[in-house]
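Student: need the 3D shape of this:
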Amino acid sequence: MTTDAIPHAAADLPPVPAEKLARPFKRFMALSSAGGLVLLACTLVALVWANSGFAESYHHIFHELHLDISFAGFTISHSLAHWINDALMAVFFLVVGLEIKRELVVGELSSPRKAALPIVAAIGGMVVPAFIFAIMNSGQPSIRGWGVPMATDIAFALGVLCLLGKRAPLSLKVFLVSLAIVDDLGALVVIAAFYTEQLNLYSLTDATLLVCALALLNVLKVRNLIPYLVGGVCLWLLVMESGIHATIAGVLTACCIPATARVDSIRFLESSKNALSIFERDAEPGRCVRTSDTQRSAVVTLERNAEHVLPPLHRLEHALHPWAAFLIIPVFALANAGLHLGHGAADHLSSDITLGVLAGLMFGKPIGVFLACYLACKLRIAALPAGVTWRQLLGVGFLAGIGFTMALFIANLAYPNPADLEAAKMGVMLASLASAVLGSALLLTSPSRAQATNTEPAPA
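Tutor: I've put the predicted structure just below:
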């Protein structure tokens, strides 16, 4: 049951003016594809801005304008784009880490049987694109970007899939989300292991001790999120100083957030029923909650019960997810998708970097996902999701080639040279667009599993 199906105490009340103004925005944010649409809009704004008469202002705001933060005699000075990529994206990676942990604990990755197919698909979808890119850039410095075509953008890919409506069964969406989450985990390992320049062992040791302290809070059943978030900010500073990319701090913090509730559903139900009974006994015509100490106490008890029955991991993920989908990722796209399509664009089209990224995402992803799933099913390691055909699986493989956010992020790490970075961006943009079109076309023309079965010739 979704939260929309649960009766709400104020559902029948006339809306106040502020609620009337906010209602269209709430409806939009409730759409599964809304985050992808906002991301697409910011991408288009960045492209138009970077190729308009205000192109210099785009470069100045995001790459030349520096913001300084000072405290206790310690100053951090970075460009706005650097703050977005290192600080804001750390919050995004915190959300990614929370999603990964949730899936591993209670989701589609919580059992070997359920996790087998998306894990195998994600591995195939990472290895084949990286191999294609490495072959096309063999023996050149540009081979450093082999990690760029490995990543899938879950917001864009799921947004496209949701726009297809009933053409995409629910099991296919669950498979894509699980695949993208495993893909994100692989990208995090690649970033930490292969895109770290120099290590500061002192800061790395302090960061390790802090992670141990946060893990100890989890072991001690500390459910208050404030110590974890404060520790996460300190961890971000230490990781940044250690030489590892600062966003990894978000994932490490997520790993330490408790995923178990303080009370189980039975205790929650009993205590909540008792609080509601007390509230009902004290109810009198004309009396409101603000004049009744007993009713206020019952309401506070209900609020605490709701907090105790929901694990801190779920509470934090629920609170941060809208910010990640509708602010952090769109702002990241605005700062990083400003590809200049001037005279140098033609040169990028013939660049090995552009062609490697394009081939890796557009062809490597679907080939890797499809072949890995086919072998896993043939070897009986896994089985196709219910109601999903092989044609639909291939369509999802193409959608996995939409590598936008994470691909651009890795490109920024791989290519400090602006020309190489622009070439990588060109490949990511073209591949993501082509993958979205090809994946959508395959899914729109794919019969459902029941239709495919019904059209098979009867045995003689």
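
Student: residue contacts, T301?
Tutor: By C-beta atoms under 8 Å, 6 or more residues apart in numbering, the residues touching T301 are 271-272, 275. All C-beta spots, glycine's among them, are computed from the backbone N, C-alpha and C.

Student: got a list of what the closest residue in space to A325 that isn't next to it in sequence touches?
Tutor: Nearest residue to A325 in three dimensions, chain neighbours excluded: G35, at 3.5 Å (C-beta to C-beta, 6 or more residues apart in numbering). By C-beta under 8 Å, 6+ apart, the contact set of G35 is 155, 159, 325-326, 329.

Student: so which of the residues you listed are in helices?
Tutor: Among those, DSSP state H puts 155, 159, 329 in helices.

Student: turn the residues you listed into JSON lines, columns for neighbour count.
Tutor: Formatted as JSON lines, the ones in helices among the contacts of G35 follow (neighbours: other C-beta atoms under 10 Å):
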{"residue": "A155", "neighbour count": "24"}
{"residue": "G159", "neighbour count": "24"}
{"residue": "I329", "neighbour count": "26"}
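
Student: any idea which of those residues the model trusts least?
Tutor: Here the lowest pLDDT out of those sits on A155, with 72.

Student: what's the distance between it and A90?
Tutor: A155 is 17 Å from A90, where distance means C-beta to C-beta, to the nearest Å.

Student: about what we covered before: before we move on, what SS does the residue nearest to A325 have?
Tutor: In three-state terms, and counting by DSSP: H, G, I helix; E, B strand; the rest coil, G35 is helix.

Student: next one: A441
Tutor: helix.

Student: so what's the residue count around H318?
Tutor: By other C-beta atoms under 10 Å, 11 other residues sit near H318.

Student: what of L158?
Tutor: Neighbours around L158, by other C-beta under 10 Å: 22.

Student: do a quick rundown of the strands in the chain.
Tutor: For the chain, applying DSSP state E gives strands covering 66-71, 74-79.

Student: low pLDDT regions in the stretch 151-300 of the chain?
Tutor: For the stretch 151-300 of the chain, applying pLDDT under 70 flags the ranges 197, 285-287, 290-291.

Student: so what's the closest residue to V299 other than its chain neighbours up against?
Tutor: Closest residue to V299 apart from its sequence neighbours, by C-beta to C-beta, 6+ apart: V289 at 6.4 Å. V289 makes contacts with 295-296, 299, as judged by C-beta under 8 Å, 6+ apart.

Student: closest to I266 out of these?
Tutor: Of all the contacts of V289, V299 has the smallest distance to I266: 21.6 Å, by C-beta to C-beta.

Student: in contact with the closest one: list those residues for me.
Tutor: Contacts of V299 (C-beta under 8 Å, 6+ apart): 275, 279, 289.

Student: return the member of those residues nearest to C373.
Tutor: For those, the nearest to C373 is A275 (49.3 Å; C-beta to C-beta).

Student: what is the neighbour count of that closest one?
Tutor: 20.
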